[in-house]
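**Student:** Generate a structure from the sequence data that follows.
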Amino acid sequence: MVAPPTVRSFVAVIFLLAGWGARATPTEEEIARAIEQLGSETLKVREEASRLLWAAGKSAEPALQKAVKSPDAEVAWRAQEILKKLQYGLYPDTPPEIQKLVERYLEGDGETKRFVLMELSGRGGRASIVFSAIIISEKDENLRQDALNQAGERITGILSDLLLSKDSAAVEKALELFLDREDDLALRNYAVLHLLQGSLGRKITEFKTRMEQTFKPSNARTLAYLHRANGDLEDALQAARKSGNKNLLKMLLCEFGDWKTLATLQADEGADPHDIEKLGFLAACRRLAGDARGFQDAITGIEKFGGHMPDDQWFVEKALFLNDRPVEGMNRTLKHPNPLHPTGSSGGARLENLALDAAREKSPHLVAVIPSKIPRRGFQSHLDTDPRTVRSQNSGKGPG
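**Tutor:** Numbers count the residues shown, from 1 in each chain. Down below sits the predicted model:
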């Protein structure tokens with residue numbers, strides 16, 4: 001089934017994974033030969049074999065795990081040392097300072113380990129790979145959760161670095177750590193990972209089985225994202241309802257275009273007269289659902305909104321603009337010009353220009369009064385560069 005357009009929201013992740021392939025690795029024959037050479041009588045041959053197997057990474061792990069059981073003590077020891085490095089995300093090209101941090105982690109107490117993990121989580125690049133590998137390997141659940149909590153907003157960067165590492169198994173294990181944490185980014189990335197690997201069907205079956213055995217809201221959330229990536233929005237909605245996560249349900253209802261259900265859900269939560277964002281969202285849902293009376297009630301609530309913060313009027317205007325009420329929004333701006341109006345941002349400027357275009361279309365006479373009423377740092381600064389406005393201001397005047 002073709003995935004819906006909403007999957008395009010994962011484009012950043014897809015670009016990271018495009019061209020995904022394994023490291024340039026030795027062949028199975030070369031790996032087998034290197035395993036034998038770990039027991040060579042010549043030190044140089046043993047060292048070169050160790051380096052080749054270390055650089056081979058995950059592809060050499062099966063052979064190394066067998067070599068650990070070798071009766072040759074030298075072979076078993078070298079294989080164990082290489083596996084230990086790979087377990088913690090260390091490769092021949094890992095910077096020495098990161099390798100030293102891992103040594104401190106392995107030798108340190110709980111406080112030292114927490115410090116090392118905090119250091120690794122903030123460095124980016126190869127340190128992110130090592131951080132993820134340690135978190136995956138760590139048996140102490142409290143320590144693991146503490147590290148994830150400390151990493152906080154840096155987790156986004158860590159996941160991106162991990163994706164770039166091209167180690168699909170490590171990516172999947174790391175993302176699974178976040179499935180119980182209601183991390184929207186991790187859930188989306190997890191679904192896209194299996195979309196790109198062609199394993200969505202297998203994972204959907206796996207999480208359905210999990211839910212049948214022991215219900216957990218986190219499994220229902222994950223299943224909703226997997227169905228969504230697979231283009232099965234009805235199944236995704238069903239899983240979202242079971243998860244009890246209202247934000248996830250609202251997102252899917254938006255994508256499904258079920259504005260009537262979404263408006264009802266929003267109204268059932270209660271339209272807080274002190275929350276302009278909820279009022280604006282309720283108005284939008286009712287407008288898109290074709291509920292003219294309910295829409296007008298919501299607009300009335302927006303117009304009556306009496307916030308006390310400096311930016312409250314701006315949010316009222318924005319709610320009106322975005323709900324096809326540009327004239328009312330402009331009239332409110334004219335009545336309550338705000339020196340703290342967030343017009344300095346590019347987003348604010350674009351919204352204002354869109355609102356002005358809509359207002360001109362519905363009520364062309366407004367353009368004649370806007371320039372003389374709004375402070376220069378507000379709408380005026382944008383109007384001055386609009387050729388249509390300049391023509392309107394200079395109508396009937398000659399050049400110069």
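
**Student:** Okay, now the unreliable bits of the stretch 101-250 of the chain?
**Tutor:** Applying pLDDT under 70 to the stretch 101-250 of the chain flags residues 165-167, 180-182.

**Student:** could you pull out the helices for it?
**Tutor:** Applying DSSP state H, counting those that start in this stretch to the stretch 101-250 of the chain gives helices spanning 110-123, 126-137, 141-151, 155-164, 168-176, 184-197, 200-213, 217-229, 233-243, 246-256.

**Student:** Adding distance to Leu320, write these out as a markdown table.
**Tutor:** C-beta here means a position set from N, CA and C on the backbone, and glycine is covered the same way. Formatted as a markdown table, the helices of the stretch 101-250 of the chain follow (distance: least, Cβ to Cβ, whole Å):
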| stretch | distance to Leu320 |
| --- | --- |
| helix 110-123 | 43 |
| helix 126-137 | 44 |
| helix 141-151 | 40 |
| helix 155-164 | 33 |
| helix 168-176 | 41 |
| helix 184-197 | 29 |
| helix 200-213 | 42 |
| helix 217-229 | 32 |
| helix 233-243 | 31 |
| helix 246-256 | 21 |
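
**Student:** count of residues packed around the closest residue to Gln80 other than its chain neighbours?
**Tutor:** Residue nearest to Gln80 in three dimensions, not counting chain neighbours: Val68, with 5.3 Å by Cβ to Cβ, 6 or more residues apart in numbering. Neighbours of Val68 under the rule other Cβ atoms under 10 Å: 14.

**Student:** what do you get for Glu28?
**Tutor:** 12.

**Student:** again, but for the one 3 residues further on
**Tutor:** Ile31 is surrounded by 20 other residues when neighbours are defined as other Cβ under 10 Å.

**Student:** can you check the one 10 residues further on too?
**Tutor:** One way to gauge burial is a neighbour count; for Glu41, by other Cβ under 10 Å, it gives 7.

**Student:** tell me the SS of it?
**Tutor:** coil (DSSP: H, G, I helix; E, B strand; the rest coil).

**Student:** could you give the angle of whichever strand or helix holds Ile98 to helix 110-123?
**Tutor:** Assigned by DSSP states H and E, Ile98 belongs to helix 96-107. For helix 96-107 against helix 110-123, the angle by axes from the mean of the first three to the mean of the last three Cα atoms, to 10 degrees is 150 degrees.

**Student:** out of the helices of the stretch 101-250 of the chain, nearest to Ile82?
**Tutor:** helix 126-137 (14.2 Å; Cβ to Cβ).

**Student:** other SSEs contacting that closest one?
**Tutor:** If you count contacts as 3 or more Cβ pairs under 8 Å, 6 or more residues apart in numbering; DSSP states H and E, helix 126-137 packs onto helix 96-107, helix 110-123, helix 141-151, helix 155-164, helix 168-176.

**Student:** how about those helices, which one is nearest Gln80?
**Tutor:** Comparing those by Cβ to Cβ, helix 96-107 comes nearest, at 13.9 Å.

**Student:** could you dump the closest one to CSV, C-alpha only?
**Tutor:** Presented in CSV, the C-alpha positions along helix 96-107 are these (Å, rounded to 0.1, in the frame of the first residue of the first chain):
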residue,chain,number,x,y,z
PRO,A,96,41.3,9.0,21.3
GLU,A,97,39.6,11.3,23.7
ILE,A,98,36.3,9.4,23.2
GLN,A,99,38.1,6.1,23.8
LYS,A,100,39.4,7.5,27.0
LEU,A,101,35.9,8.5,28.1
VAL,A,102,34.8,5.0,27.5
GLU,A,103,37.6,3.7,29.7
ARG,A,104,36.6,6.1,32.5
TYR,A,105,33.0,4.8,32.1
LEU,A,106,34.0,1.2,32.4
GLU,A,107,36.3,1.8,35.4
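
**Student:** I'd like to know which elements it is packed against.
**Tutor:** helix 110-123, helix 126-137.

**Student:** Report the contact partners of the most centrally placed residue in the chain.
**Tutor:** For the chain, the residue nearest the mean C-alpha position is Leu185 (3.1 Å; Cα atoms, centre = their mean). Counting by Cβ atoms under 8 Å, 6 or more residues apart in numbering, Leu185 makes contact with Ile155, Thr156, Leu159.

**Student:** if I look at it, how far off is Asp235?
**Tutor:** 22 Å (Cβ to Cβ, to the nearest Å).

**Student:** what's the answer for Ser59, then?
**Tutor:** The value you get for Ser59 to Asp235, if Cβ to Cβ is used, is 36 Å.

**Student:** Same check on Gln266?
**Tutor:** Taken as Cβ to Cβ, the span from Gln266 to Asp235 is 23 Å.

**Student:** So if I had to pick from those two, which one is more boxed in?
**Tutor:** Per other Cβ under 10 Å, whichever of Gln266 and Asp235 has more neighbours is Gln266, with 23 against 17.

**Student:** Just confirm the more buried one contacts Ala283, I think it does.
**Tutor:** No. Between Gln266 and Ala283 there is no contact, the gap being 9.7 Å when judged by Cβ atoms under 8 Å.

**Student:** pLDDT on stretch 28-37, on average?
**Tutor:** For stretch 28-37, mean pLDDT rounds to 93.
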